[in-house]
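**Q** the following block contains a protein sequence and its predicted model.
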Amino acid sequence: MGEVSTRGGRGGGSNGRTTAEIEASIAATRSRLAANLDEIAVRVHPSTVAAQAKARAAATVDRTVGRAYVAASQGVERVRLQFVDEKGGPRPERIAAVAAVGVVVVAGLVLLRRRK
């Protein structure tokens, strides 16, 4: 194709582009559109959507498990601090009190079982 001229100068329309330049611009636009469509097709493909959902679910579970672990660790530490002094030694008076409660509970359960 030759040059199209609607006004003076190089021709090719109001911005002065040649037919070849316009065709090259259209080809580049088509190429960008094709790449965009390919990318969209990959993004909405069921396997991609499923993989993303699975990854989000795994991340949520990991965060939840991590938070639960931290909370449990803090709880265990708080309980431990009730039974050891600041030097790390045991607090016999507290250990004895908990042991006594445990003995009472076990004895109560044994008595309840014998009644049945």
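**A** Thanks, I have it.
**Q** and the host helix or strand of Arg67, which residues are buried?
**A** Per DSSP states H and E: Arg67 is located in helix 46-83. Of the residues in helix 46-83, none has enough neighbours to count as buried (16 or more other C-beta atoms under 10 Å). Any C-beta I mention is one placed from the backbone N, CA and C, and that applies to glycine too.
**Q** quick one: average confidence on whatever helix or strand comes next after it?
**A** Beyond helix 46-83 in the direction of the C-terminus, DSSP H and E gives the next helix or strand as helix 92-115. Across helix 92-115, the average pLDDT comes to 93.
**Q** what does helix 92-115 rub up against?
**A** With C-beta atoms under 8 Å, 6 or more residues apart in numbering as the contact definition, helix 92-115 has outside contacts at Gln82, Phe83.
**Q** got the angle for it vs helix 46-83?
**A** Put simply, helix 92-115 runs at 110 degrees to helix 46-83, going by axes from the mean of the first three to the mean of the last three C-alpha atoms, to 10 degrees.
**Q** buried residues in helix 92-115?
**A** Judged by neighbour count using 16+ other C-beta under 10 Å, helix 92-115 contains no buried positions.
**Q** re the thing from before, gap between the helix holding Arg67 and the chain center?
**A** From the chain centre to the centre of helix 46-83 is a distance of 11 Å (C-alpha atoms, centre = their mean, to the nearest Å).
**Q** so, low pLDDT: which residues of this structure?
**A** Counting by pLDDT under 70, the ranges of the chain that qualify are 1-14.
**Q** coming back round to it: the helix holding Arg67 - contacts with which helices or strands?
**A** Using 3 or more C-beta pairs under 8 Å, 6 or more residues apart in numbering; DSSP states H and E, the elements in contact with helix 46-83 are helix 92-115.
**Q** please tell me how far the spatially most central residue of the chain sits from Val65.
**A** Note on the chain: the residue nearest the mean C-alpha position is Ala59, at 3.5 Å, using C-alpha atoms, centre = their mean. Taking C-beta to C-beta, to the nearest Å as the criterion, Ala59 is separated from Val65 by 11 Å.
**Q** what of Thr48?
**A** When distance is defined by C-beta to C-beta, Thr48 is 26 Å away from Val65.
**Q** go on, Arg94?
**A** Taken as C-beta to C-beta, the spacing of Arg94 relative to Val65 amounts to 31 Å.
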